[in-house]
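Visitor: Sequence plus the predicted model coming up.
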Number of protein chains: 2
Amino acid sequence: MVTQAGIFTFDSLELDCGSTLGPVDAAYETYGTLNAERTNAILVEHAFSGDAHAAGEGGWWANMIGPGLAFDTDKYFVMCTNVLGGCRGTTGPGSINPATGKPWAMTFPPVTIADMVRLQKKVVDKLGITKLLAVAGGSMGGMQALEWAVTYPEHVAAALPIATTCQHSAQQIAFNEVGRQAIMADPDWNGGEYYGGKLPGNGLKLARMVGHITYMSDDSMREKFGRRIRASEGVAQFEVESYLNYRGYKFVDRFDANSYIYITRAMDTFDLTTRGSLTSLFDGARARFLVISFTSDWLYPSYQSLEIAKALRSRNCDVAYCDLESRYGHDAFLVEVESQTQVVGGFLASTFRELTAKRGAPARA
Amino acid sequence: MVTQAGIFTFDSLELDCGSTLGPVDAAYETYGTLNAERTNAILVEHAFSGDAHAAGEGGWWANMIGPGLAFDTDKYFVMCTNVLGGCRGTTGPGSINPATGKPWAMTFPPVTIADMVRLQKKVVDKLGITKLLAVAGGSMGGMQALEWAVTYPEHVAAALPIATTCQHSAQQIAFNEVGRQAIMADPDWNGGEYYGGKLPGNGLKLARMVGHITYMSDDSMREKFGRRIRASEGVAQFEVESYLNYRGYKFVDRFDANSYIYITRAMDTFDLTTRGSLTSLFDGARARFLVISFTSDWLYPSYQSLEIAKALRSRNCDVAYCDLESRYGHDAFLVEVESQTQVVGGFLASTFRELTAKRGAPARA
């Protein structure tokens, strides 16, 4: 698996809020080799706390991207970019505002899922790719996949929105709001001006703890922790308590609190239906769709995916919908490798055959 | 409805932790009139954030307790006490430690559901009631009802555990732990020493926000808030955000942060099964049981109530189990008046008939 990693810098990016941001960095990684016809490129989109490091050791989808895996790097050229507003190489609130020479912090303009995708389009253009074989992602990554299919219908052959929604419910917004309030209540947050000083670690830790609960299922938590006790620094705790506290602390090392605020806002304000009814929205969609949800995912419940699949079907779009059996809750899109590989592998192969046939033998079309 | 309210003071109370606490106050209210035979007394048990004010204006179960209501005060004498560890009249971490003349704060001994019930038993004894017609409560109130039935089988004719469990799951513990960490991360918490100073309002507010989400269902939140926006102090917010923030702030006025920590700990450590398997546990139970759950309650899911009902049935205990249809999530035990009134009203009436028959006409038994 040939891997490349780097940062593209663009002069400017138009944002939904009306501002123009510039210059803008986009951190990316690629795996596999782009074929001569540039027809084997797949963009995978990371979820809320992910980054461009999708494959290889420590990659968030390492079990899905690689030689012989679902996103087979022997066949496909797989790309991932860190999202706009992020903190892992792409421009975000922790980046330097060229006008002041200081981090943007909360003066960073609000960003949307569409802004993230607009930046990705620049990366794809830069790589000379006219049409993506597929865009795929889970959770917030799935929102981006949907946004791609709707906004750039001519540039996407297939979209794989996984464990996602076309708009957050009140419950999804509510959990994100708790995270934001936890960060902003931390005195070390200091209105977002903490760069170079003490990080708002307590707030960010709390936000992450809430997140983790919503990513698991009641069942998977019972299996993993039950009511087992462990002694931690001489104090007996439930295992689930020490796990959540530990995971919360670790998160502070790798994630920026202001990015947490900006990116959760982007998720909460994402709403494909503001551009028209869900059905009319897909009128212009040209891609094939593989919509995947997981039975025990209560954060992005299956009915939200079914809603997308139904809207696509009502417009005679080419859509397959799989509600995969899983006990792992929302985390399933990261851990249910076998069942996802089965449906994703075949779907990509047939899309690739179709795309190649269209280009290679137009007389047969 | 004749109402009495007051505080009983007891010299001492033995606690599960081995300490003896004293003196101990127990705030109580009563509604209706105790009959001459003292056979019509019902103890209702409040949930986590409730208090002794169960009926009448502003009472947490005002729609269920009163003349002609489910707990009919024309027939029954209904009592409620604030729990041990609470902050509404009963001794808790905010009370004065007689040894120091200062609030106990975090030096207050850990309390359990069994300790709470032991204090209630003293109140019931003081009122000269040998056998309660019923103990009833939702959520943590249901834990107390179960505890009564198991610990004082000769003193309870009927138990109504509603939307509850015999032990918290990892998920239930996890949500409570987030609340505790939120409070303890607030610098104003100050290790629990905030009495007379600035309250840890940010932390307690956050804890309450998380709580509120878990009390509602995905459905009821959609119905109540959807994705509606409202302007608050010039800033556009989702309605669900301003609602949660508002309810969080209001909670700070009426609840003590240290009580939050102590009482959630009592819930998390409650585990009837540590005294034996759930089935063997009910070997000694003499009460009739009405177990109630609600279909959309994901915090105390129906399977937890079913588990209790099954264990009781396996021991040939007299148990009715109702999984009531509701969209209101865990809040259902507070708002689903009609369906609860139907099942509770009939159950109490038949229990009262049976109890009276036993006493009044022993020859027929």
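Guide: It's in.
Visitor: For residue A:63, give its distance to residue B:246.
Guide: Distance, residue A:63 to residue B:246, by CB to CB, to the nearest Å: 43 Å. All C-beta atoms are positioned from the backbone trio N, CA, C, and that covers glycine.
Visitor: Just want to know which of the two has more residues nearby.
Guide: A direct count of neighbours by other CB atoms under 10 Å in any protein chain shown for residue A:63 and residue B:246 places residue A:63 higher, at 17 against 13.
Visitor: So for the more buried one, what's the pLDDT?
Guide: Note on residue A:63: pLDDT of 98.
Visitor: which residues touch it?
Guide: A:69, A:335, A:337 (CB atoms under 8 Å, 6 or more residues apart in numbering or on different chains).
Visitor: Just the closest of these to chain B, please.
Guide: residue A:335 (17.5 Å; CB to the nearest CB).
Visitor: OK, contacts around the nearest residue to that closest one once chain neighbours are set aside?
Guide: Spatial nearest neighbour of residue A:335, chain neighbours left out: residue A:328 (5.3 Å); criterion: CB to CB, 6 or more residues apart in numbering or on different chains. Counting by CB under 8 Å, 6+ apart, residue A:328 makes contact with A:216-217, A:220, A:294, A:296, A:335-336.
Visitor: what's near enough to touch the residue nearest to residue A:129 when sequence neighbours are not counted?
Guide: In this structure, residue A:129 finds its nearest non-sequential neighbour in residue A:41, 4.7 Å apart by CB to CB, 6+ apart. Residue A:41 makes contacts with A:34, A:76-79, A:124, A:127, A:129, A:132-133, as judged by CB under 8 Å, 6+ apart.
Visitor: Would you write a PyMOL line that selects the buried entries of these?
Guide: The buried residues among these can be selected in PyMOL (16 or more other CB atoms under 10 Å in any protein chain shown) with this line:
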select buried, chain A and resi 34+76+77+78+79+124+127+129+132+133
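Visitor: Where does confidence bottom out across the contacts of residue A:41?
Guide: Ranking these by pLDDT, residue A:127 lands last with 93.
Visitor: ok, then the element right after the helix or strand bottoming out on mean pLDDT in chain A?
Guide: Counting by mean pLDDT, DSSP states H and E, chain A has its least confident helix or strand at helix A:278-281, which shows a mean of 80. Where DSSP states H and E defines the elements, the next helix or strand beyond helix A:278-281 is strand A:288-294.
Visitor: Just the C-alphas of the next helix or strand after that following strand, formatted as PDB.
Guide: Toward the C-terminus, strand A:288-294 is succeeded by helix A:302-314 as the next helix or strand (DSSP H and E). Once non-C-alpha atoms are left out, helix A:302-314 reads as follows in PDB (Å, rounded to 0.1, in the frame of the first residue of the first chain):
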ATOM      1  CA  SER A 302     -31.700   3.100  11.600                       C
ATOM      2  CA  TYR A 303     -34.800   5.100  10.800                       C
ATOM      3  CA  GLN A 304     -32.700   8.100   9.800                       C
ATOM      4  CA  SER A 305     -30.900   6.000   7.200                       C
ATOM      5  CA  LEU A 306     -34.100   4.400   6.100                       C
ATOM      6  CA  GLU A 307     -35.500   7.900   5.500                       C
ATOM      7  CA  ILE A 308     -32.600   8.700   3.100                       C
ATOM      8  CA  ALA A 309     -33.100   5.300   1.300                       C
ATOM      9  CA  LYS A 310     -36.800   5.900   1.000                       C
ATOM     10  CA  ALA A 311     -36.300   9.400  -0.500                       C
ATOM     11  CA  LEU A 312     -33.800   8.100  -3.000                       C
ATOM     12  CA  ARG A 313     -36.100   5.200  -4.000                       C
ATOM     13  CA  SER A 314     -39.000   7.500  -4.500                       C
END
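Visitor: need the residues of the stretch 201-350 of chain A near chain B, please.
Guide: A:202-203, A:205-206, A:209-210, A:213, A:216, A:218, A:221-222, A:224-227, A:238-241, A:244-245, A:268, A:271, A:298, A:301 (CB under 8 Å from any CB of the partner chain).
Visitor: buried set for stretch A:65-82?
Guide: Going by neighbour count (16+ other CB under 10 Å), the buried part of stretch A:65-82 is A:65-66, A:69-73, A:75-82.
Visitor: from those residues, which is closest to chain B?
Guide: Closest to chain B, out of all of the buried residues of stretch A:65-82 and judged by CB to the nearest CB, is residue A:82, at 26.6 Å.
Visitor: just checking, the closest one touches residue A:45?
Guide: No: counting by CB atoms under 8 Å, residue A:82 does not reach residue A:45; the two are 10.5 Å apart.
Visitor: just to revisit the earlier point, tell me which of the residues of the stretch 201-350 of chain A next to chain B fall in strands.
Guide: If you go by DSSP state E, those have residue A:238 in strands.
Visitor: Can you select the buried ones among the contacts of residue A:328 for me in ChimeraX?
Guide: A single ChimeraX command selects the buried members of these (16+ other CB under 10 Å):
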select /A:216,217,220,294,296,336
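Visitor: re earlier: which helices and strands does the least confident helix or strand of chain A pack with?
Guide: Packing partners of helix A:278-281 (3 or more CB pairs under 8 Å, 6 or more residues apart in numbering or on different chains; DSSP states H and E): helix A:302-314.
Visitor: mean confidence for the helix it packs on?
Guide: 95.
Visitor: Would you tell me what the next helix or strand after it is?
Guide: Taking DSSP H and E, what comes next after helix A:302-314 is strand A:319-324.
Visitor: quick revisit: out of the buried residues of stretch A:65-82, what pair is the most spread apart?
Guide: Within the buried residues of stretch A:65-82, two members stand farthest from each other by CB to CB: A:75 and A:82, at 24.8 Å.
Visitor: re earlier: Throw the contacts of residue A:63 into CSV and include pLDDT and secondary structure, thanks.
Guide: Supplementary listing: the contacts of residue A:63 in CSV, determined by pLDDT from 0 to 100; DSSP: H, G, I helix; E, B strand; the rest coil:
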residue, pLDDT, secondary structure
A:69, 98, coil
A:335, 97, helix
A:337, 98, helix
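Visitor: So out of everything in the stretch 1-150 of chain A, what residue is nearest chain B?
Guide: For the stretch 1-150 of chain A, CB to the nearest CB, closest residue to chain B: residue A:110, 11.2 Å.
Visitor: Could you verify that that residue is part of a strand?
Guide: No: according to DSSP: H, G, I helix; E, B strand; the rest coil, residue A:110 belongs to no strand; its state is coil.
Visitor: residues contacting it?
Guide: Counting by CB under 8 Å, 6+ apart, residue A:110 has contacts A:15, A:17, A:262, A:265-266, A:269.
Visitor: One more pass at 7 Å, please.
Guide: Shown in contact with residue A:110 (CB atoms under 7 Å, 6 or more residues apart in numbering or on different chains): A:17, A:265.
Visitor: follow-up on the earlier one: can you point out the buried residues in the least confident helix or strand of chain A?
Guide: So, applying 16+ other CB under 10 Å, buried residues of helix A:278-281: A:278, A:281.
Visitor: what's the neighbour count on residue A:196?
Guide: By other CB under 10 Å, neighbour count at residue A:196 equals 8.
Visitor: next one: residue A:3
Guide: Residue A:3 - counted by other CB under 10 Å - has 14 other residues nearby.
Visitor: Can you tell me who it pairs with across the strands?
Guide: residue A:31 (DSSP bridges).
Visitor: That one is in contact with residue A:32, isn't it?
Guide: No: contact criterion CB atoms under 7 Å: residue A:3 and residue A:32 do not qualify, at 8.7 Å.
Visitor: Distance check, residue A:231 against residue B:291.
Guide: Relative to residue B:291, residue A:231 is positioned 35 Å away (CB to CB).
Visitor: Repeat that for residue A:22.
Guide: Per CB to CB, residue A:22 is found 63 Å from residue B:291.
Visitor: Residue A:290 now?
Guide: Computed as CB to CB, the residue A:290 to residue B:291 distance reads 44 Å.
Visitor: quick one, what contacts the residue nearest to residue A:112 when sequence neighbours are not counted?
Guide: In space, and not counting its chain neighbours, residue A:112 is closest to residue A:16: 4.5 Å by CB to CB, 6+ apart. By CB under 7 Å, 6+ apart, the residues touching residue A:16 are A:112, A:114-115.
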